[in-house]
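Engineer: Quick one: sequence plus predicted model below, questions after.
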Amino acid sequence: MSLERNKPVSKPKKTSSKQGKSGRTSGQRAISKNSHQGGVRVSEPAAPAGNLLAAIVDSSDDAIVSKTLDGVISSWNKSAERMFGYAAEEAIGSNITMIIPLDRREEENEIIRRIKRGERIDHFETIRVRKDGTPLIVSVTISPVKDARGRVIGASKVARDVTSRKEAEQSLSDRVRQQRALFHLADELHRAKTAEAIYAAGLDAILGALHCQRASIMLLDESGFMRFVSWRGLSDVYRRATDGHSPWKLEEQNPAVICVDDMRRADLPNELCTTILKEGIRALAFIPLVSSGQLIGKFMPYFNEPHSFTDDEIALSLTIARQLAFAISRTRSDEALRRSEERFRNLSERLDAEVRARTRELEQRNEQVVEGAERLRELSRRMMQVQDEERRHIARELHDSAGQVLAVLGMKMGQLAQQVNPGLQTSAEEILQLVQQLTRELRTMSYLLHPPLLDEVGLSAALNWYVQGVMERSNIDIQLTISENLGRLPADLELILFRVVQESLTNVHRHSGSKTATIRVTREDERVSLEVQDQGNGISRERLAEIQTQASGVGVQGMRERVRQFHGEMTIDSSEHGTRIHAVLPMPSQAQGTITRVAS
């Protein structure tokens, strides 16, 4: 390493050939390293060694500078020229403070004091300034320079530019800090249950990732006015003055980021700039919060000093904005859903109360209807019972009273026909025939009203008699099949079965146009089954629907009501191939075979 003695520096002079060989000049002295209290001892080595040492110093990548204890530069290698921008001619003889920032001058004084004590300073990182004013971060090793008697006469500095490394380290540190802030933001937003928690997490991320001093979040309200919802470090006066400000139009799609590096040169309204500067803000940015392409608000980082926003900072800000806008929109949707659910819950409760009230009312009305239906059914049962009793009474009266009178009249007319003269005998015989016909019709009418066989012999005999009469009067071929074990049934049940057969055959004769009919009466275990089927025209769908819904069909409804009163069931099936009426009524269990009786 080449150093100069602590004496006035003179420019190099031409030397003789001997001097050229020795490698010495008036501005240079060769030195050698000696380990003596960490210093450098000055000696007079051979010329070739001095030239080699000077070449090593000049070719070093580090800036190598020597200075006196007064700070006057005595040597300045080529790396120092490249690093600090001063040529050797400019630097040598000047004070070292030309490359030391004003706020670092006391640091230099401390270094000189330590050098005078013979101390060595290793790898000391500090700030230095280039000729163009650009700051440099350097790592400096400073050693004292001593003379032959061991006295400290100057200092040797080896400076390495570590600006790139420090910038890389700072960039890495910033990236780590930013990633940590983003991770923390994502975690907090995921766990946030309220809007306030989302705002707090967003402000923490903005302050932590962008290294700004203050921050705020503003959102559009229902009227389209930009309102402060959360902030850090802003005064009430500032918020009142800037509340509602937005650099974008309400309907603007995907608004862009707006950065103001220095408020003193900002292209903003004067009143707004004045308010911001009074707050102590020198730089800020408007970062839009966008959800589904629509502006919903903004957040703003504030700096106390002018700040140049880098592309990385803008990209980071947009990342924060996306997460924040998504979380705010999600919270709004959740809140809207909660309010909607609450409204629906209240509506459901009201409807439920109304339904319960209506249900109770309907139940009461239904009970009244059921009670009325029961009363009506009971009245119907009594009316049918009265009707049957009246039929029985009329039948008995016709049979016992009118029948006997007609029988006596017939006998008298027979006797009279034998006693009259031949001219009146023909008329008397005709009158006798009419009386006999009337007697038969009266007996038939009496039996139709209430066949005495039903009470005296049972259902089987009554049905056989009735079917025989229908076949004679209507020319319908009827096949009657009665279970052999039918026996005698309760009088009410026999009457119901007879009336169902009677009404069914009446309908076959009047409406179906069928020439055949089949009647089956069976008794199985706990029930008696009756089936009447014809092969007539059938009942239309509309008419059958009316009958099934009890909208019409008095005779059918009478049959169904009789069956229901005995806790039975009756069904009607009809098609273009005929009609089938099937009734099932409860009976004690008794299983027997069946026989077929054909009325003829």
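Structural biologist: Right, received. Where do you want to start?
Engineer: Val145 belongs to a strand?
Structural biologist: Yes. With DSSP: H, G, I helix; E, B strand; the rest coil as the criterion, Val145 is assigned to a strand.
Engineer: what about it, distance to Ser139?
Structural biologist: Using CB to CB, to the nearest Å, we find Val145 at a distance of 20 Å from Ser139. Where C-beta positions appear, they are placed from N, C-alpha and C, glycine not excepted.
Engineer: and if you look at Arg358?
Structural biologist: 89 Å.
Engineer: Neighbour count: the two, which is higher?
Structural biologist: Ser139 (17 against 11; other CB atoms under 10 Å).
Engineer: who's in contact with the more buried one?
Structural biologist: Listed by CB atoms under 8 Å, 6 or more residues apart in numbering, the contact partners of Ser139 are His123, Phe124, Glu125, Ala159, Arg160, Val162.
Engineer: and the third one, helix, strand or coil?
Structural biologist: For Glu125, the secondary structure call by three-state DSSP comes out as strand.
Engineer: Please apply the same query to the fifth one.
Structural biologist: Following three-state DSSP, we place Arg160 in the strand state.
Engineer: helices and strands around the biggest helix by length in the chain, which ones?
Structural biologist: Secondary structure of the chain read by DSSP state H shows that its longest helix is helix 311-397. Here helix 311-397 touches helix 163-191, helix 195-210, strand 283-291, strand 294-303, helix 422-449, helix 554-565, going by 3 or more CB pairs under 8 Å, 6 or more residues apart in numbering; DSSP states H and E.
Engineer: Ranking by neighbours, what's the top pick from the contacts of Ser139?
Structural biologist: Busiest of the contacts of Ser139 [other CB under 10 Å] is Ala159, holding 23 neighbours.
Engineer: Which strand residues bridge that one?
Structural biologist: According to DSSP bridges, the partner residues bridging Ala159 are Ala63, Val140.
Engineer: my guess is it contacts Arg82, does it?
Structural biologist: No. Contact criterion CB atoms under 8 Å: Ala159 and Arg82 do not qualify, at 11.5 Å.
Engineer: Find the residues that touch each one of those two.
Structural biologist: The contact sets of Ala159 and Arg82 overlap at Ala63 (CB under 8 Å, 6+ apart).
Engineer: Show me what whichever strand or helix holds Leu505 is packed against.
Structural biologist: In the assignment (DSSP states H and E), Leu505 maps to helix 491-507. Counting contacts by 3+ CB pairs under 8 Å, 6+ apart, helix 491-507 packs against helix 452-456, helix 459-474, strand 516-524, strand 527-534, helix 554-565, strand 578-586.
Engineer: and the helix or strand just after the second one, average pLDDT?
Structural biologist: Next helix or strand after helix 459-474 toward the C-terminus (DSSP H and E): strand 477-483. Averaged over strand 477-483, pLDDT sits at 89.
Engineer: and strand 477-483, which strands flank it?
Structural biologist: strand 516-524 (parallel), strand 594-597 (antiparallel).
Engineer: I'd like the distance from that strand to the chain centre, please.
Structural biologist: 70 Å (CA atoms, centre = their mean, to the nearest Å).
Engineer: Any buried residues in stretch 119-137, and which?
Structural biologist: Glu119, Ile121, Thr126, Arg128, Val129, Leu136, Ile137 (16 or more other CB atoms under 10 Å).
Engineer: about what we covered before: specify the angle between the longest helix of the chain and strand 283-291 in degrees.
Structural biologist: 20 degrees (axes from the mean of the first three to the mean of the last three CA atoms, to 10 degrees).
Engineer: by how many degrees do helix 311-397 and strand 294-303 diverge?
Structural biologist: Orientation check (the same axes, to 10 degrees): helix 311-397 against strand 294-303 gives 150 degrees.
Engineer: between the helix or strand following helix 311-397 and helix 311-397, how many degrees?
Structural biologist: On the C-terminal side of helix 311-397, the closest following helix or strand by DSSP H and E is helix 403-419. Here helix 403-419 points in a direction 40 degrees away from that of helix 311-397 (the same axes, to 10 degrees).
Engineer: next one: helix 403-419 to chain centre, how far?
Structural biologist: Distance of helix 403-419 from the chain centroid (CA atoms, centre = their mean) equals 99 Å.
Engineer: Quick check: Val162 touching Arg128?
Structural biologist: No. Val162 sits out of contact with Arg128 when judged by CB under 8 Å, with a separation of 10.9 Å.
Engineer: Now list whatever residues contact both of these two.
Structural biologist: Residues touching both Val162 and Arg128 by CB under 8 Å, 6+ apart: Val138.
Engineer: average pLDDT across stretch 158-175?
Structural biologist: For stretch 158-175, mean pLDDT is 80.
Engineer: Show me which residues of that stretch are buried.
Structural biologist: For stretch 158-175, by 16+ other CB under 10 Å, it's Val158, Ala159, Arg160, Asp161, Val162, Thr163, Asp174.
Engineer: what mean pLDDT does stretch 431-446 have?
Structural biologist: Stretch 431-446 comes out with an average pLDDT of 72.
Engineer: just stretch 178-197 next, same as before
Structural biologist: The model assigns stretch 178-197 a mean pLDDT of 85.
Engineer: gap between that stretch and the chain center?
Structural biologist: 22 Å.
Engineer: got the buried residues for that stretch?
Structural biologist: Gln178, Ala181, Leu182, Leu185, Glu188, Leu189, Ala192, Ala195.
Engineer: just stretch 67-75 next, same as before
Structural biologist: Within stretch 67-75, the residues scored as buried using 16+ other CB under 10 Å are Lys67, Thr68, Gly71, Val72, Ile73, Ser74, Ser75.
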